[in-house]
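Chemist: Predicted model and sequence below, questions to follow.
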Amino acid sequence: MADAAATAGAAGSGTRSGSKQSTNPADNYHLARRRTLQVVVSSLLTEAGFESAEKASVETLTEMLQSYISEIGRSAKSYCEHTARTQPTLSDIVVTLVEMGFNVDTLPAYAKRSQRMVITAPPVTNQPVAPKALTAGQNRPHPPHIPSHFPEFPDPHTYIKTPTYREPVSDYQVLREKAASQRRDVERALTRFMAKTGETQSLFKDDVSTFPLIAARPFTIPYLTALLPSELEMQQMEETDSSEQDEQTDTENLPLHISPDDSGAEKENTSVLQQNPSLSGSRNGEESIIDNPYLRPVKKPKIRRKKSLS
Amino acid sequence: MPPTGSDPARMNRKKGDKGFESPRPYKLTHQVVCINNINFQRKSVVGFVELTIFPTVANLNRIKLNSKQCRIYRVRINDLEAAFIYNDPTLEVCHSESKQRNLNYFSNAYAAAVSAVDPDAGNGELCIKVPSELWKHVDELKVLKIHINFSLDQPKGGLHFVVPSVEGSMAERGAHVFSCGYQNSTRFWFPCVDSYSELCTWKLEFTVDAAMVAVSNGDLVETVYTHDMRKKTFHYMLTIPTSASNISLAIGPFEILVDPYMHEVTHFCLPQLLPLLKHTTSYLHEVFEFYEEILTCRYPYSCFKTVFIDEAYVEVAAYASMSIFSTNLLHSAMIIDETPLTRRCLAQSLAQQFFGCFISRMSWSDEWVLKGISGYIYGLWMKKTFGVNEYRHWIKEELDKIVAYELKTGGVLLHPMFGGGKEKDNPAPHPHFSIKHPHTLSWEYYTMFQCKAHLVMRLIENRISMEFMLQVFNKLLSLASTASSQKFQSHMWSQMLVSTSGFLKSISNVSGKDIQPLIKQWVDQSGVVKFYGSFAFNRKRNVLELEIKQDYTSPGTQKYVGPLKVTVQELDGSFNHTLQIEENSLKHDIPCHSKSRRNKKKKIPLMNGEEVDMDLSAMDADSPLLWIRIDPDMAVLRKVDSEQADFMWQYQLRYERDVVAQQEAISALERFPTPASRLALTDVLEQEQCFYRVRMAACFCLAKIANSMVSTWTGPPAMKSLFTRMFCCKTCPNIVKTNNFMSFQSYFLQKTMPVAMALLRDVHNLCPKEVLTFILDLIKYNDNRKNKFSDNYYRAEMIDALANSVTPAVSVNNEVRTLDNLNPDVRLILEEITRFLNMEKLLPSYRHTITVSCLRAIRVLQKNGHVPSDPSLFKSYAEYGHFVDIRIAALEAVVDYTKVDRSYEELQWLLTMVQNDPVPYVRHKILNMLTKNPPFTKSMESPLCNEALVDQLWKLMNSGTSHDWRLRCGAVDLYFTLFGLSRPSCLPLPELGLVLNLKEKKAVLNPTIIPEAIAGNQEAAVNPSSHTQLVGFQNPFSSSQDEEEIDMDTVHDSQAFISHHLNMLERPSTPGLSKYRPANSRSALIPQHSAGCDGTPTTKPQWNMELPRKGTGKEQPPLEMSVHTAAAAPLSVFGKEPASSKHSEHHHHHHHEHKKKKKKHKHKHKHKHRRDGRERGRGPLAFPSPAGGRSARSPSLSD
């Protein structure tokens, strides 16, 4: 009940906007509920001695009642969730009412008042059938160590593994056939997509779609794409390379890798230090095993000595 | 001076400097090149050079150096300002000769222009006057230091800038610059003596951005930051005497790799390519070892550098201690096809390090020795690395190439002798270019020249044995290395130069054999030998009667006299016979060893000692001959057409073990489409031990035979079942195995077989449907996932196969090609091509081989009428920015389109690209392809052939390509192909022009007509002060020494007149012309320029007086140096002078105006008189033109 109230409050605005044309079952439901509330308000007014009321005031009161009930529901839900439950208990409602400043003790007396009107039960409208989630198989009952108020297990298909034992295709011919056509389809789809989304060229003036060619686009550095293996190939190469390369070249290559970086780092150092030569830094560079003039550190200029002429 | 270059050499003979006479009156000992600023944005270079020279004659007063493109600011000799002239007749070869358009005339003028600046003739573009203050100094033969400040702005040749247009600093963009060129082209980027014979030591300095590396010759001594720490200077020292032509430079943000095996070897590549560089160069040390071992000589330089750069001029360029390679040679370990090619390039460049860089040549006519030796030792490396089969195959390939070239276009002369009587005996085989200079050669001729050179070296080896050969090389090298470590003063350096005579002398010293006949035959003479062999077997005498005929009358052939080896395979074995080929003996009787009976089954011994079983049923029962081979060792540069029965060829193919013989048999079997041939070829194809190239050749032969036998062919299409057996799955024969290219032999076969199969045709001359589906299936089931190697070449060949399967479309009255009437087979092919081409955009293959094949295939489809012919696709792929292989393939298609559709628009587009494309190689290649596949030829009528085109091409070769020798020669080749030697037929008859010319000519003889002649001369009219000069230059060209012979009566008969006139022009402008010179006083205004005297039509002399003005000492803005800015340019210097008839006076006045002091004037005067005396003594030694000499003296005389 509180649930319903809570949703009613939330859907309040929806009710109003949807009042003009109620085609939706949910809207119907909201309308019916509101109508019931109106009846309640009207009966309370009658009880209080009114003979007639303006529509606007009835509406206002209805709104107030709805808000009140909604708030009770919302608050009660909070209390129940606070204690890790999903279903509100009576005590939740009581605490809520107390919290809202309602004297609970007056409630039984009010309920038993003599002149109260009895409202006929609202006509049973078809509950909007919430489309049932697809259930597959039987939900498992809780094991004994789980309290029953805990949510039920989800549908079994969400956690149960169901291996299918279809006969794997082992026929070589079929496999190759499949792999080939699959690759071809992927390639064609991909290239067609690229052709559709970008500029194209065509071999036939009258038809641009049957054999679309992705337009030739010049590169800024054409040799890089032409010479470097693609990433895919690179992986392959690394695998074969590591197995092939003998130990010796590896170890010898290593210092070469580092040395250009070294000199680069050193260059930065020196540029920061400017005229203050850090001799220790340059010594490090010279310690590399290989003596090659291109690996030697760059010298700092000699101060004001004409060097250009030799 | 005559262009021969022999004169100064002869003059110097008395000096006798160990066999080498320098053509220059001085000797260079050391040169400093300092480039202190390189601007990649503006593509400019600023620097200076300093040459240390020792005069070798007392009265040296002018120094000629080479320099092109460079803007020279200032020349100082021993810190004294020196005046200089810059004059380059090659910039514009023919001036104002607007209507002739005669290639013959052009070639002569061009050869004259080149020799006018040829350093080997002591000439140069830059002529520097030794300041008078130094004359005394010079007389004592003391050292002179010539300091030249120069700059280079947007060089079009010699130095190539590559600046990609991306974001970032120049280093991040991968911008780089390198020197390049054909033969001696160093003058394009710094002033020097650009000759292979002038050796000196070098100091090279390059200041570059701190993120860049400058790689140059010699040892890197140190690298020093500039004061602002933003740049660094690379200091190189080259202590081994080296010619300027072997100096090179590469600057860029290179990645550095020190060779792990040889630490003195350093490799450089562009950013991101280091892994490829590592793999590519990992092999180099083995090449080093090989050469050092066979030459028993260490690599002569203390270090070696390889640089891989983009937009290379040639794939391999060797310079002293460094080689520049195309970056496209780099490859990863997954690439099969490129690996041997790259290794060959590395080996080639290294061979040239020894012979070509370290050992240089004395003159152009000795070039063949260097190219021969380097090519020969490269061949030895090939033999060792790839095996004897590959080596012999390569020799045959090269031999076939040179034979085909010489027979088609005329002979290749290795050792051109100039000036001697020889020339007349051997009329120039190449009328459209001169072979006297490397720079006038057609590029194709030059490649063939190199090819022939190494083949001749091999012939010498055959004669004297390899051992002696290597001893000779060793001797040359050890002499050179001893000389290289000597001081200049020892006069030993010339031993580092090789000459033909020196080389032959050491051969005879080492081997004691006389190889003169061989040299005479192949080196001093052009042409190849053409043999026709046929035989008959005389059963009675048991003799083989062999008839060998020769064709020595066709162009490119020569007569062979001497020994010739013939190998006869008989039943009892293989026997060698050496026949003497003599003048009149055609028939040779060769006794046979075997009896023709072959009842007992026994094994047949082969040449190599192997004994095999043969099925002899195919043989002629009467004859014991299995096969006959003429000149099996390729010991003669020849083409052999020998006649044998088909079964003999089949036996030769099956059982002869020499791959050359097998290939000969294969090409012969094409003529015998029989089941037996088919069987023989199929057997070879299946034989695993057979050389893979033979098997590949067998594929194509089999396809041809199958096509000839199409009506009787039984069974599945040729090779199909074979391919299935070798490469397809056992269980499902229509599916190819997943790729595994571990065995290279079968990889190559697998690649080739489908290509050959696609050439099969059925009775309707269509490619059988079965074959097409077969190829399509190969493509479909191609699976490279498990392969260690890339399959890009394989896939590319599959596309080639598809293209091969295309046959001409059946066209119904020329309907427009649309999609609807597309042949269903073609639709399938197109589908594949489209997919491959599109996939390339997403996953590009190595070197874009697949794109290249796709473009070719599309052109095939267009040409066969399946797809509308349209060049726009190719044009977009030909744009700058695509990989060069793609561009060339696309351009080839455009060239083909131009020819087939006769499109003027496309031809124009191509020619525009020739002029404007940033990549020199592409420019060269377009001309080359146009020449090979010309839109029309001289013997053909074509709407494309019109006057505008003639003008355009003329302009291109006359002035548009002066920055690149190779390109200019390419333009000449194209012009020759299109229009021939004489006047293009499409030009209107220039009657009027000729009459005018005639008058001009007359003007020389008859002074009264002079004014009229001038009026007729447009250029002269523009600038009155120049007319004298122009007349002086022009006349020798429009006139000739034979002009008196012109019968004026025939002038009205225009046809006769024109032909006469053309004949006149065809004569080379020989020194004979110079007889006009002294007679015509105006010629004296050419200051000292030999160019003017030997008839070079150009020479706008320009004295650049670089004297400090008003004592500011500031660098003067350079005077306009470009000669080809019309006639007015040089005159601007004299603009304020009153028009005077004597140019010499101009010069003099001008000179003194600047010299400002009378005192100096006197001083100079004195010197002039002294020089008079000198010159008499010296004669034409330094300035062999008497006219020139007089002109130099004339100021003092007039004073």
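Modeler: Perfect, I can see it now.
Chemist: For residue B:394, grab the count of nearby residues.
Modeler: 17 (other CB atoms under 10 Å in any protein chain shown). Glycine gets a C-beta too; all of them are placed from N, C-alpha and C.
Chemist: check which helix or strand covers it.
Modeler: Per DSSP states H and E: residue B:394 is located in helix B:367-409.
Chemist: chain center to that helix: distance?
Modeler: 16 Å (CA atoms, centre = their mean, to the nearest Å).
Chemist: Most proximal residue of the stretch 651-800 of chain B with respect to chain A?
Modeler: Relative to chain A, the nearest point of the stretch 651-800 of chain B is residue B:732 (4.0 Å; CB to the nearest CB).
Chemist: Quick check: closest non-adjacent residue to that residue.
Modeler: residue A:173 (4.0 Å; CB to CB, 6 or more residues apart in numbering or on different chains).
Chemist: Contact partners for residue A:177?
Modeler: residue B:735 (CB atoms under 8 Å, 6 or more residues apart in numbering or on different chains).
Chemist: What residues sit buried inside the host helix or strand of it?
Modeler: Following DSSP H and E, one finds residue A:177 within helix A:172-197. For helix A:172-197, a neighbour-count test (16 or more other CB atoms under 10 Å in any protein chain shown) marks A:176-177, A:180, A:187, A:191-192, A:194-195 as buried.
Chemist: ok, now how distant is the residue nearest to residue B:732 from residue B:775?
Modeler: 19 Å (CB to CB, to the nearest Å).
Chemist: Kindly report the same for residue B:615.
Modeler: 34 Å.
Chemist: so how many other residues sit close to residue B:192?
Modeler: The burial count for residue B:192: 28, using other CB under 10 Å.
Chemist: Which residue, neighbours along the chain excluded, lies closest to the closest residue to chain A within chain B?
Modeler: For chain B and chain A, the shortest gap (CB to the nearest CB) falls at residue B:881, measuring 2.5 Å. With CB to CB, 6+ apart as the criterion, residue B:881 has its nearest non-adjacent residue at 2.5 Å, and that residue is residue A:218.
Chemist: Over to that neighbour. Which of the three states is it?
Modeler: Classification of residue A:218 using DSSP: H, G, I helix; E, B strand; the rest coil returns coil.
Chemist: Double-check it against residue B:883; I have them as touching.
Modeler: No - counting by CB atoms under 8 Å, residue A:218 does not reach residue B:883; the two are 9.5 Å apart.
Chemist: how about the residues of the stretch 1-150 of chain B that lie near chain A?
Modeler: For the stretch 1-150 of chain B, the residues found near chain A under the criterion CB under 8 Å from any CB of the partner chain are B:32, B:34, B:36.
Chemist: need the contact list for the first one.
Modeler: So the one you mean is residue B:32. With CB under 8 Å, 6+ apart, residue B:32 has these contacts: A:309-310, B:48-51, B:202-205.
Chemist: can you count the residues close to the closest residue to chain B within the stretch 101-250 of chain A?
Modeler: Proximity of the stretch 101-250 of chain A to chain B (CB to the nearest CB) peaks at residue A:218, 2.5 Å away. Counted with other CB under 10 Å, the neighbours of residue A:218 add up to 14.
Chemist: tell me the pLDDT at it?
Modeler: You'll see residue A:218 listed with a pLDDT of 88.
Chemist: need the contact list for it.
Modeler: Here residue A:218 is in contact with B:879-882 (CB under 8 Å, 6+ apart).
Chemist: Phi and psi next, for the residue nearest to the spatial centre of chain B.
Modeler: Centroid-nearest residue in chain B, with CA atoms, centre = their mean: residue B:443, separated by 3.7 Å. Note on residue B:443: backbone dihedrals following degrees, to the nearest 10 are phi -60, psi -40.
Chemist: How about it, nearest residue that isn't a chain neighbour?
Modeler: Nearest to residue B:443 is residue B:966, by CB to CB, 6+ apart, at 5.3 Å.
Chemist: Could you count how many residues lie near the one you found?
Modeler: 26.
Chemist: can you tell me how far it sits from residue B:177?
Modeler: 19 Å.
Chemist: Isn't residue B:434 up against residue B:110?
Modeler: Yes - applying CB under 8 Å, one finds residue B:434 in contact with residue B:110, separated by 7.4 Å.
Chemist: of these two, who's got more company?
Modeler: residue B:110 (26 against 21).
Chemist: Tell me which residues touch the more buried one, please.
Modeler: B:90, B:93, B:434, B:440, B:968, B:972.
Chemist: where does the chain have low pLDDT?
Modeler: Assuming you mean chain A. Along chain A, the model assigns pLDDT under 70 to residues A:1-23, A:122-137, A:234-289, A:303-310.
Chemist: let's do chain B instead
Modeler: B:1-19, B:96-99, B:418-430, B:584-585, B:595-601, B:811-817, B:989-1199.
Chemist: again, 80 this time
Modeler: B:1-21, B:96-100, B:417-431, B:489-490, B:583-585, B:594-602, B:620-621, B:810-821, B:985-1199 (pLDDT under 80).
Chemist: circling back: format the residues of the stretch 1-150 of chain B next to chain A as CSV; extra columns: distance to residue B:552 and secondary structure.
Modeler: As requested, the residues of the stretch 1-150 of chain B next to chain A are exported to CSV (distance: CB to CB, whole Å; DSSP: H, G, I helix; E, B strand; the rest coil):
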residue, distance to residue B:552, secondary structure
B:32, 55, strand
B:34, 57, strand
B:36, 60, strand
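Chemist: From residue B:701, how far off is residue B:684?
Modeler: 9 Å.
Chemist: more crowded one of the two?
Modeler: residue B:701 (26 against 23).
Chemist: May I have the phi/psi pair for that one?
Modeler: phi -60, psi -40.
Chemist: Just give the closest residue to it, not the sequence neighbours.
Modeler: Excluding the flanking residues, the one nearest residue B:701 by CB to CB, 6+ apart is residue B:666, at 4.8 Å.
Chemist: And the next helix or strand past the one helix or strand that neighbour maps to?
Modeler: Residue B:666 belongs to helix B:659-669 when assigned by DSSP H and E. Using DSSP H and E, the helix or strand that follows helix B:659-669 towards the C-terminus is helix B:675-686.
Chemist: Can you show me the strands along chain A?
Modeler: A:200-201, A:213-214 (DSSP state E).
Chemist: Kindly compare burial across the ones you listed and name the winner.
Modeler: strand A:213-214 (a mean of 22; mean count of other CB atoms under 10 Å in any protein chain shown).
Chemist: For it, which outside residues touch it?
Modeler: A:191, A:194-195, A:198-203, B:834, B:837-838, B:841, B:873.
Chemist: Redo these as JSON lines? Include distance to residue B:551.
Modeler: Below are these laid out as JSON lines (distance: CB to CB, whole Å):
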{"residue": "A:191", "distance to residue B:551": "56"}
{"residue": "A:194", "distance to residue B:551": "59"}
{"residue": "A:195", "distance to residue B:551": "58"}
{"residue": "A:198", "distance to residue B:551": "60"}
{"residue": "A:199", "distance to residue B:551": "58"}
{"residue": "A:200", "distance to residue B:551": "56"}
{"residue": "A:201", "distance to residue B:551": "51"}
{"residue": "A:202", "distance to residue B:551": "53"}
{"residue": "A:203", "distance to residue B:551": "48"}
{"residue": "B:834", "distance to residue B:551": "51"}
{"residue": "B:837", "distance to residue B:551": "48"}
{"residue": "B:838", "distance to residue B:551": "53"}
{"residue": "B:841", "distance to residue B:551": "53"}
{"residue": "B:873", "distance to residue B:551": "46"}
